[in-house]
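[1] This is the structure alone, sequence omitted:
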């Protein structure tokens, strides 16, 4: 996508939504991504999301979530030449972090298949609320988006409960040791698998790499500590398994779109 012009975008609000009806030629490219999250639900036609390993084709019922800093390359799927989508750029509340851990198609590009008309209407309602004349329209729309993400999370959790028991044990093992130095070899040994077999099964079951999941859970823990405690940033970093406060802050900004200190201020 090196010869494609960069699509302008600047995050100036905590919530921005749209309902697009696009035709052939529509394409958005942002090589360094943006500083907020992007949720996209396809309601008609077909779209495509390009990534380093290829592309994800989406149809009605497909939901896509892009993490801050994830390169954007999406548009109308060429053969159909029509794509209808509802989207929202948003800065999440601190306690949303756990709900944003969807199966990954590629680094930062996540996907769920949810054929639920009521949930689709809820998401369209977020856009309607934000563009209404209500004096509290942004607060109402933000609350409505929270309900949509909870609805998506219910499907995500339902899917994740099934599957290989060894992977469920691996998930439990990871959750109990987030503050420790944790390598894939440690997790593999705990569940009786070789590291390569664990890596294969883990991605197959969860859509994530083992290390990607570990970091995601650490970010969720850090977000919770930032919101619920007055621990210094260095202590939050250590509690979430990071020896370096600087590296922790770098990774946290990539996941959340803001620094740990800014995240804490937003939650106050």
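    Yep, it's here. Since the model is a prediction, treat every value here as computed from it, not as a measurement. Numbers count the residues shown, from 1 in each chain.

[2] where exactly do the strands run in this protein?
    15-23, 27-30, 37-45, 47-51, 54-58, 62-66, 72-76, 82-90, 104-106, 109-113 (DSSP state E).

[3] Any chance you could list what contacts the first one?
    Going back to what we said before, that points to strand 15-23. Residues outside strand 15-23 that contact it (C-beta atoms under 8 Å, 6 or more residues apart in numbering): 26, 44-45, 75-76, 81-91, 124, 126-127, 130-131, 138, 141-142, 145. (C-beta placed from N, C-alpha, C; glycine too.)

[4] in that strand, what counts as buried?
    15-17, 19, 22 (16 or more other C-beta atoms under 10 Å).

[5] Dump the residues you listed into TSV; add pLDDT and distance to residue 266 as well.
    Formatted as TSV, the buried residues of strand 15-23 follow (pLDDT from 0 to 100; distance: C-beta to C-beta, whole Å):
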residue	pLDDT	distance to residue 266
15	93	13
16	94	16
17	96	19
19	95	27
22	94	32
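
[6] so where do the helices sit in the stretch 151-268 of the chain?
    For the stretch 151-268 of the chain, the helices defined by DSSP state H, counting those that start in this stretch occupy 165-175, 184-191, 195-206, 210-228, 233-239, 245-256, 260-267.

[7] Among those, which comes closest to residue 31?
    Across the helices of the stretch 151-268 of the chain, residue 31 has its closest neighbour in helix 245-256 (15.1 Å, C-beta to C-beta).

[8] Centre of the chain to that closest one, how far?
    Distance, stretch centre to chain centre, for helix 245-256: 16 Å (C-alpha atoms, centre = their mean, to the nearest Å).

[9] by contact count, what packs against that helix?
    With contacts defined as 3 or more C-beta pairs under 8 Å, 6 or more residues apart in numbering; DSSP states H and E, the packing partners of helix 245-256 are helix 210-228, helix 233-239, helix 260-267.

[10] Show me which positions of it end up buried.
    Result for helix 245-256 [16+ other C-beta under 10 Å]: buried residues 245, 248-249, 251-256.

[11] try stretch 178-192
    178, 182, 184, 187-188, 190-191.

[12] what's in contact with it?
    166-167, 169-170, 173-174, 177, 194-195, 197-199, 210-211, 214, 217-218, 221, 238-241.

[13] Break this protein down into its domains, please.
    Split into domains by automatic domain parsing, the chain comes to 15-161, 165-267.

[14] returning to what we had before: which of the contacts of strand 15-23 are buried?
    26, 45, 75-76, 83-91, 124, 126-127, 130, 141-142, 145.

[15] shaky segments in the stretch 51-200 of the chain?
    Under the criterion pLDDT under 70, the flagged ranges of the stretch 51-200 of the chain are 158-163.

[16] any idea how far residue 79 is from the closest residue to residue 72 other than its chain neighbours?
    Nearest non-adjacent residue to residue 72, counting by C-beta to C-beta, 6 or more residues apart in numbering: residue 30, 4.0 Å away. Using C-beta to C-beta, to the nearest Å, one obtains 24 Å as the distance from residue 30 to residue 79.

[17] just to revisit the earlier point, between the buried residues of stretch 178-192, which sits nearest residue 263?
    residue 178 (17.8 Å).

[18] Adding distance to residue 36 as columns, could you present the helices of the stretch 151-268 of the chain in TSV?
    Below are the helices of the stretch 151-268 of the chain laid out as TSV (distance: least, C-beta to C-beta, whole Å):
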stretch	distance to residue 36
helix 165-175	27
helix 184-191	31
helix 195-206	24
helix 210-228	15
helix 233-239	22
helix 245-256	9
helix 260-267	12
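
[19] so which of those is the most packed in?
    With neighbours taken as mean count of other C-beta atoms under 10 Å, the helices of the stretch 151-268 of the chain reach their highest mean count in helix 210-228, at a mean of 20.

[20] Quick one: mean pLDDT for it?
    The average pLDDT for helix 210-228 rounds to 88.

[21] Now do the same contact list for residue 144.
    Residues counted as contacts of residue 144 (C-beta under 8 Å, 6+ apart) are 122, 125-126, 129.

[22] Which one's more surrounded, residue 30 and residue 79?
    Under the neighbour definition other C-beta atoms under 10 Å, residue 30 and residue 79 were set side by side, and residue 30 has more, 18 against 9.
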